[in-house]
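Asks: The following block contains a protein sequence and its predicted model.
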Amino acid sequence: MTYKLNRLLWLWAGALVLALLAIIPLAAWTRATAVLFVACVAIAVWIRIGRRAKRQAGSRVLAANLTLPPADYCQPVVLVCGDGLDGLFGAVAGDSPALRETGQGCYLRVPDLMQLPELIASVLARRPAWGGQLAVMFVSNPGEHDDRAVLAGQVRAFCHQVALVRKRGIALPMLLVSYLQASQGEGAWFSWEAGQTSPEVREAGMHAGLVDWQQLAVDDVTRMARMHTGVQVSSVAAWLEEAVLPDLAARDRRHSIGPAVAIAITLVPVLPRTVSGNLWQQWLSDKLSLSVDWQAQTAGAAPLPFPDPLLQLLPIRIQRTPIRRAGVIALWLFVVATAVALASSAWQNMLLARQVTDDLRRYTSMAPPAPFDQTGIVQREAALTTLRQHAERLDNHYRHGAPLKLGLGLYRGDRLRAPVLAAIASHRTLPSAPLAVKVAKAVRLDNLSLFKSGSAVLKPDSTKVLINALADIKAQPGWLIVIAGHTDASGNDAQNLLLSRARAASVRDWMQRMGDLPDSCFAVQGFGARQPIASNDTEAGRTANRRVEIRLIPETGACSHSPTIPG
C-alpha cells in the first residue's frame, strides 16, 4: 500500500476516534486530553510514514528507465537468479536489472543474489498489489561451474536471501531450472512436480508424461532421439539431486526454504559461458566414464528460452488493488467505530430510562401524606422536584432533538416523557390549614454570597442577604422552614453531600439565633449535586447549582413540636 493511502487511512482512523470522543460522555478535561493525544499520534504517524517513504525511495535499485507492467497486471512476476542471465536477458550494461515480458508472465533479472530482497522491496514500492504474484527462479547450469564448493556457496546464499524475503510475509514460490547443452534439443521442458519420480513434458500446447511423449513420435528416428533426450534429462536430474538439492534443503531452519514448486530441465544447442572441465563433464566422467569436450560459444548464440509452460504451476494469488484494500480497511474501521458508538448510545439510553423509571416509580409508590405529616410532605416534594427535573430534560430533548450521546436512533426518552408529565400534572398540594393559604415562594441564596469555597462558615458580609430572607420568613409565622443546601458536581459526592448539609445548618443556626425561632420550626436537608437547576458542564451552570434554598411549608402548629426530617 502506498504511503499516501497509509496517511489517508490514519487520518480516517483519527477522525473516527474524534467522532467517538464527541459521542461518548466524558468529563471535559478527559475529552480534551484524549483529543490532544489523538492529534499527537496522528502527527507522529504522518511524519513516520513520510520518512519511511523517503527511505524506500532512496533504496530502490530499479533503473529509472525500467518500465514495469501496469498495476493491474495479473500474470506471474518471476525474479531470475543464478546462472545463464546473459543468455536469458542478453548483455546488460553493468549490474542493472532487466525485464522481459512474455505472453505468460514477466521476468526480472537479479544481477546479484544479495540484491534480491532490495529488488523485491523496490518492485512492491511501485506495485504494492504484486505481493501474491512474485516468484523466484534459480538457474543452476552444470556446464557453467567447475568448483563444487563455489556452487554450494551460491545455493546457500540464494536460500538465505529467499528466507529473508519470506520473513516479510511474501510467499515467493520457487522454480529450480537447469539448461543443458546438447546436440539435439527440441525445446521441450521436463519438469518434476510435487515429488514426482517421472518427469512431465511441457511445451507449447502440449502436456504429457515422459513415456507418452516418447511414444507420440511420428517416426522411429524421432522416437530414438526422444529416448536419448530422456536419458540425458534423467542424468541432469540425478546431478541436481546430488549437487544442488541437498543445499536447498538445509538443516538450518534459518536458511531452509522448502522444496521447489517444480524442477525443470531443457536442452539447448548452445549454452553461453560453458567452461572446460565443468561439473557436468566431471559428473559424466565419474559416473559413466565418458569424456565430453565442449567449447564455449557466445557469439551468435540464440537466447535461452524462458520456462513459460511452467508458470501455470506457480500458486499465484492476485491481491486487491491498493485503493480497494484501503477502501476495505476504511470500511471496517467505520463499522467498528459505529458499533462502539451504538453501544455507548444504548448504554446511555438504558441509564436514562433506569433513572427516570426508578424516580417515577418511587414517586407513584408514595401514599399521599396526611395534612400535618411533615416528613411525608418533604419526601414527596423532593420526589416531585426530581420528576420536574426529568421532565425539563426530556422536554428539552423533545424540542431540540436528542444529543449525540443518546441519539443514533436509540433514543427512548419520548416514551418516558408522557408518564412523567402525567405524574406531575396529577400532583395536588395538601392544605395545611382549614383556610387555603398561598404558599410562600422559595428563597434561593447564592453560596458565593454566603460562604467561601469549600467552607460552611458564613461570611461577615452575608448578614444583609440573610436579613432579607429572614424578613420573608417572619411574614409567615408558625410555618415549617425547610432549608436545603446544594452544590455542583465538582469533587467527591460524599464530601459535597456533607458540605451542602453543613451550609444549610449554618443558615439555620443564624436564623434561629437572630430570629428567636424555636428549633422545631426548621428542617435541614443536604442534597449535594443531586438536584441541579442548570448544566454542570459550564461555569455559569455550576455557579447556579451552588445555592441554599429556603422553602416555607404551610403547616399550622409546625413550631409547637420537633419534627424528624431525614437529611
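Replies: Great, that's in hand.

Asks: Mind checking the pLDDT average for the longest helix belonging to the chain?
Replies: Criterion DSSP state H: the longest helix present in the chain is helix 322-365. Per-residue pLDDT values across helix 322-365 average out to 85.

Asks: Okay, and the beta partners of the closest residue to D446 other than its chain neighbours?
Replies: In this structure, D446 finds its nearest non-sequential neighbour in R547, 6.0 Å apart by CB to CB, 6 or more residues apart in numbering. C-beta here means a position set from N, CA and C on the backbone, and glycine is covered the same way. With DSSP bridges applied, R547 shows beta-bridge pairing to D446, H486.

Asks: Any idea how many residues pack against R547?
Replies: As a burial measure, R547 scores 23 neighbours (other CB atoms under 10 Å).

Asks: does M137 really touch M174, like I thought?
Replies: Yes. Contact status for M137 versus M174: in contact at 7.5 Å, counting by CB atoms under 8 Å.

Asks: sorry, back to before: determine the next helix or strand in the C-terminal direction from the longest helix of the chain.
Replies: Using DSSP states H and E, the helix or strand that directly follows helix 322-365 along the chain is helix 374-400.

Asks: C-terminal to that following helix, which secondary structure element comes first?
Replies: With DSSP H and E setting the assignment, the helix or strand that follows helix 374-400 is helix 414-425.

Asks: domain parsing for the protein?
Replies: Domain ranges of the chain: 3-58, 77-320, 322-430, 434-567, per automatic domain parsing.

Asks: what about the helices in the stretch 151-300 of the chain?
Replies: Using DSSP state H, counting those that start in this stretch, the helices of the stretch 151-300 of the chain run over 210-215, 220-243, 245-248, 279-288.

Asks: out of these, which comes closest to Q115?
Replies: helix 245-248 (19.9 Å; CB to CB).

Asks: OK, contacts around G187?
Replies: For G187, the contacting residues are E203, T266, P305, by CB atoms under 8 Å, 6 or more residues apart in numbering.

Asks: Scan those residues and report the most crowded one.
Replies: The most crowded member of the contacts of G187, judged by other CB under 10 Å, is T266 (25 neighbours).

Asks: That one - nearest residue in space that isn't next to it in sequence?
Replies: Distance criterion CB to CB, 6+ apart; nearest residue to T266, sequence neighbours excluded, is W189 at 5.1 Å.

Asks: Give me the pLDDT for that neighbour.
Replies: W189 is assigned a predicted lDDT (pLDDT) of 92.

Asks: And the strands in the stretch 1-150 of the chain?
Replies: Here the stretch 1-150 of the chain has its strands, by DSSP state E, counting those that start in this stretch, at 77-82, 99-101, 106-109, 134-139.

Asks: The second one packs against which elements?
Replies: Here strand 99-101 is seen to pack against strand 106-109 when contacts are counted using 3 or more CB pairs under 8 Å, 6 or more residues apart in numbering; DSSP states H and E.

Asks: Can you list the neighbours in contact with the strand it packs on?
Replies: Where contact means CB under 8 Å, 6+ apart, the residues beyond strand 106-109 that reach it are 68-69, 73, 75-80, 85, 88-89, 92, 97-101, 119, 123, 137, 306.

Asks: Quick check: mean pLDDT of that strand?
Replies: Per-residue pLDDT values across strand 106-109 average out to 93.

Asks: Can you tell me what sits against the worst-scoring helix or strand of the chain on mean pLDDT?
Replies: Among the secondary structure pieces of the chain, namely its helices and strands, helix 447-450 has the lowest mean (mean pLDDT, DSSP states H and E), a mean of 74. Residues outside helix 447-450 that contact it (CB under 8 Å, 6+ apart) are L458, K459, S462, V465, L466, T487, R503, V507, T543, R546, R547, V548.

Asks: any chance of those in JSON lines, with pLDDT and distance to R354 too?
Replies: Output for the contacts of helix 447-450, formatted as JSON lines (pLDDT from 0 to 100; distance: CB to CB, whole Å):
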{"residue": "L458", "pLDDT": "84", "distance to R354": "39"}
{"residue": "K459", "pLDDT": "83", "distance to R354": "40"}
{"residue": "S462", "pLDDT": "78", "distance to R354": "40"}
{"residue": "V465", "pLDDT": "79", "distance to R354": "39"}
{"residue": "L466", "pLDDT": "81", "distance to R354": "40"}
{"residue": "T487", "pLDDT": "88", "distance to R354": "24"}
{"residue": "R503", "pLDDT": "88", "distance to R354": "30"}
{"residue": "V507", "pLDDT": "87", "distance to R354": "34"}
{"residue": "T543", "pLDDT": "84", "distance to R354": "29"}
{"residue": "R546", "pLDDT": "86", "distance to R354": "27"}
{"residue": "R547", "pLDDT": "87", "distance to R354": "27"}
{"residue": "V548", "pLDDT": "87", "distance to R354": "30"}
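
Asks: And the residues you listed, which of them are buried?
Replies: Under a neighbour-count criterion of 16 or more other CB atoms under 10 Å, the subset of the contacts of helix 447-450 counted as buried comprises L458, S462, V465, L466, T487, R503, V507, R546, R547, V548.

Asks: ok, for the last one, nearest residue in space, not its chain neighbours?
Replies: Counting by CB to CB, 6+ apart, the nearest residue to V548 once its immediate chain neighbours are dropped is L445, at 4.5 Å.

Asks: do the fifth one as well
Replies: For T487, the nearest residue in space outside its immediate sequence neighbours is N496; the separation is 4.3 Å by CB to CB, 6+ apart.

Asks: For F306, see how far away L99 is.
Replies: Distance check for L99 against F306: by CB to CB, to the nearest Å, it reads 12 Å.

Asks: If you count surrounding residues, which of the two has more?
Replies: Set L99 next to F306 and count neighbours by other CB under 10 Å: F306 wins out with 19 against 16.

Asks: The more buried one reaches G87, doesn't it?
Replies: No. Between F306 and G87 there is no contact, the gap being 10.6 Å when judged by CB under 8 Å.

Asks: Quickly list what's touching both of these two.
Replies: Residues within reach of F306 and of G87 at once, by CB under 8 Å, 6+ apart: there are none.

Asks: Could you list the low-pLDDT ranges of the stretch 451-567 of the chain?
Replies: 475-476, 555-567 (pLDDT under 70).

Asks: Kindly recompute the last result at 50.
Replies: In the predicted model, the stretch 451-567 of the chain carries pLDDT under 50 at residues 561-567.

Asks: Show me where it has its helices.
Replies: Counting by DSSP H, counting those that start in this stretch, the stretch 451-567 of the chain forms helices over residues 463-474, 493-515, 539-545, given from the N-terminal end onward.

Asks: didn't L68 look like it was pressed against A129?
Replies: No. Using CB under 8 Å, L68 is not in contact with A129, being 11.8 Å away.

Asks: Of these two, give the one with the bigger neighbour count.
Replies: The residue with the greater number of neighbours, taking L68 and A129 and applying other CB under 10 Å, is A129; the counts read 20 against 17.

Asks: how close does that one sit to Y73?
Replies: Per CB to CB, A129 is found 9 Å from Y73.

Asks: do L421 as well
Replies: If you go by CB to CB, the gap between L421 and Y73 works out to 69 Å.

Asks: sorry, back to before: got the contact list for the residue nearest to T487?
Replies: With contacts defined as CB under 8 Å, 6+ apart, the neighbours of N496 are T487, D488, A489, S490, G528, A529.

Asks: which residues pair with the residue nearest to T266 across the strands?
Replies: Following DSSP bridges, W189 is listed with bridge partners R202, T266.

Asks: Neighbours of it, how many?
Replies: Other residues lying near W189 total 23 when counted by other CB under 10 Å.

Asks: do the same with V443
Replies: Counted by other CB under 10 Å, the residues lying close to V443 total 18.

Asks: The one 3 residues further on now?
Replies: As a burial measure, D446 scores 14 neighbours (other CB under 10 Å).

Asks: Quick check: it vs A534, distance?
Replies: 13 Å.
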